[in-house]
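Peer 1: could you work out the structure for the sequence below:
(2 chains)
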Amino acid sequence: MGRKRMVAMLLAGGEGKRLGVLTKDLAKPAVHFGGKYRIIDFTLSNCAHSGIDTIGVLTQYQPLVLNTYLGIGSPWGLDRRDGGMAILPPYVKQKGGMWYKGTANAIYQNMGFIDRYDPDYVLVISGDHIYKMDYELMLQEHEERGADVTIACIEVGWKEASRFGIMHVDDDGAITSFEEKPKVPTSNLASMGIYIFSWPVLQQYLVRDEANRLSGNDFGKDVIPAMLQDGVKLQSYTFNGYWKDVGTLESLWEANMDLLSENPALDLNDRDWRIYSVNPNRPAHYSAATADIADSLITEGCIVEGLVHRSVLFYGVQSGIDSQVRESIIMPNVKIGKGARIYRAIIGEGAIIGDGVVVGSPDNSSVTVIGSDELVTSNHSLQGVEQP
Amino acid sequence: MNSNILGVINLIHESDELESLTASRCLATVPFGARFRLIDFTLSSMVNSGITKVGVFAQTKYRSLIDHLGSGKHWDLQHRQSGLFIMPPVTDDVNEVRRGDLYHFYQHRDYFTRSTQEYVLIARSHMICNIDFDAMLSSHKASGADITVVTKEQPELFGGKARKLQIDERGRVTAMQDHYGRLESDLISMEMYLMRKELLLELVDTSLAQGQDHLVRHAIMSRVNQLHIQSYAYEGYLGVINTLNSYYKNSMQLLRPEVWKSLFFEPGPIYTKVKDEPPARYAEGAKTSNSLVANGCIIEGTVINSILFRGVHVHKGAVVRNSIIMQNGIIGEHSFVDHVILDKDVTVERGRELRGAEVSPFLAVKRKVI
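Peer 2: Below you'll find the model as predicted:
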């Protein structure tokens, strides 16, 4: 087994409770995004473009779809003889086993995997963010600064700040304070949940954290604050591109809508940074003489006979004559009946919207969600989807 | 499913009449239907019929063939013991490259003798269809025929060329003629022949011994009375694509939703080499009507009755009508194209106007800037 400079550990076990019916049978990273992708494609493609060829994918909740999707990693060029992708679920040892208690514990339980490659660095990332980032540049900065830990950060809106790990940094970018999901944030500089650790330092802290019975075994809540307290050299790495945590229905909807502007902040057409995914084999989409498509993404395999404005259609969607889809996300293989109206909605994979059915309403600002494989035969407007 | 059929896609002496579309590629890899190549249809039909070993007999201009097929994994033909085999000509003398298919089968006879399959299916790449060969094998066994040939009653070939057949009331082939023959018949051969492997090897040996090296013309047609050749009727959509005219007209047939639905999905899906293109993006003010649009396209203008391959960009104010725009084509602002076929990577600059006619569409070569 060859030695590796950096091994990536991708946390993909998220239960994704806040995505409601969309994650009923699905881990959050496997949720569909952007017309043909799943959320996890973005981090995996980042790894591929950053030259990382060894990735442990830590799975936990509802892993079937995710594991099937990941396979042996070929779509992301991760089917390697040496390294490549390994799926790492919780497992039982001689002395018993346990679920991953927290993000740090998940890595702790897989120290054996990392040790096989004897790396200098470990990159910890999660599979539920939409962004394009070259981790190699972050690693270069980590090395130049002689940091023990580098945390990628981004400025977020003040309203959202309490959803993230919030930090303060000094003029040199060294992290001076870190607070996980503070009720009253004192900064809007948020952790992107992307960490580069020098492996010996991380190893030491993981062992210590595991021995601490009071710890929640979480990077943001426990390990990073402990390191900060001990004076470990923590460095921030500022990211200026597009980044979105798609953990809520609102943010998932928004992130899809963000792809539709004339010059989207996250360009899917960038030939130098392709987002790789398992490509479904479908013919080119057919737009009928009655179709009216604008400001939208339409994927192969669709048949569009109706109006589609400011919407994202995944593969295999059929929209009937006189139907209207506005500001909506239509997951794979959904059938939309004749004359149906869909406003500001997320329609789950395989759902069938009957003829003339209205989903959502043009004057409602909240997002209506229909679960996978649902058959909707009467009007459906969910007022105020459950939000955290 | 493990079929008892060995697949052969025979590209020896393929037609070369697609003008610049076949200038630097073989007919099998001519792009078709917004994201496919001609060979994808035969290959996918074989795979969907459970055939796990396919040999592609290449003859000339096969760089694009090797590039497209690769290891065969896109068709799920990357197996330990079987899978996809590409067989270029094996000859000591360049003149022998031009010899007939039986000669090349003979040169690659190890491929046949080493295969465990009892039957062999020899097909070509220019008959665009979606067919179940497993059902064909059942019919072949039931009829007790020596050779079964796929046929289709097709009076309109849109300028394509095909061999004509005559059958008796029990479906046995009684006459077989080249496309220029005088036979009055709308029944054509889809150039798919199923027989026992032993019979093929026998035909190879006896024909070559007589100085004959063409499978159909020499080995089969001359034995119509000696061998029991049975027809097997194909009911789905068929496009015979071996001239530029037939290429254009069959492409336009794909814009009929019933053709789109049957050819691409029934009985199985058509596979091709996948590309990581994003979904097609329609801008504000985009207009499309009766068109096929592949992933990776950006549409800011108007597209009517047209086929756009992956990564085509139609800029603002541009109009594309009755046209086929291949991969990465760029249609500049306020330009107008009607009845054109643009090969890969063609750029139509801002404000240009290109018009072909239905009977002779304007054809632009790869990478041209107009």
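Peer 1: just give the closest residue to residue A:127, not the sequence neighbours.
Peer 2: Nearest residue to residue A:127, sequence neighbours excluded (Cβ to Cβ, 6 or more residues apart in numbering or on different chains): residue A:29, at 3.2 Å. Using the backbone N, CA and C atoms, a C-beta is placed for each residue, glycine as well.
Peer 1: residue contacts, that neighbour?
Peer 2: A:12, A:14, A:38-40, A:66, A:126-128 (Cβ atoms under 8 Å, 6 or more residues apart in numbering or on different chains).
Peer 1: how far out from the middle of the chain is the biggest strand by length in chain B?
Peer 2: Ordering each strand of chain B by length in residues (DSSP state E) puts strand B:187-196 first. Distance, stretch centre to chain centre, for strand B:187-196: 15 Å (Cα atoms, centre = their mean, to the nearest Å).
Peer 1: list the buried residues for it?
Peer 2: B:187-195 (16 or more other Cβ atoms under 10 Å in any protein chain shown).
Peer 1: for residue 132, grab the count of nearby residues.
Peer 2: All of this refers to chain A. 19 (other Cβ atoms under 10 Å in any protein chain shown).
Peer 1: actually it's chain B I care about, not the one you picked
Peer 2: Around residue B:132 there are 17 residues (other Cβ under 10 Å).
Peer 1: roughly how far apart are it and chain A?
Peer 2: As judged by Cβ to the nearest Cβ, to the nearest Å, residue B:132 and chain A stand 18 Å apart.
Peer 1: try residue B:12
Peer 2: 29 Å.
Peer 1: dihedrals phi and psi, that residue?
Peer 2: phi -80, psi 130 (degrees, to the nearest 10).
Peer 1: pLDDT value on residue A:385, please?
Peer 2: Per-residue confidence at residue A:385 stands at 46 (pLDDT).
Peer 1: for residue A:86, phi and psi?
Peer 2: Dihedral angles (degrees, to the nearest 10) for residue A:86: phi -130, psi 130.
Peer 1: repeat for residue B:92
Peer 2: Per degrees, to the nearest 10, the backbone of residue B:92 is at phi -90, psi -20.
Peer 1: and the gap between it and residue B:10?
Peer 2: 22 Å (Cβ to Cβ, to the nearest Å).
Peer 1: compare those two (neighbour count), which wins?
Peer 2: residue B:10 (25 against 6).
Peer 1: for the stretch 201-350 of chain A, just list every one of the helices.
Peer 2: A:224-230, A:249-257 (DSSP state H, counting those that start in this stretch).
Peer 1: please name the residues that touch residue A:242.
Peer 2: A:130-132, A:258, A:265-266.
Peer 1: what do you get for residue A:342?
Peer 2: Per Cβ under 8 Å, 6+ apart, neighbours of residue A:342: A:323-326, A:328, A:330, A:336, A:353, A:358-360.
Peer 1: same thing but 10 Å
Peer 2: Residue A:342 is in contact with A:306, A:308, A:311, A:319, A:323-330, A:334, A:336, A:353, A:357-360, A:368, A:370, A:376, A:380, counting by Cβ atoms under 10 Å, 6 or more residues apart in numbering or on different chains.
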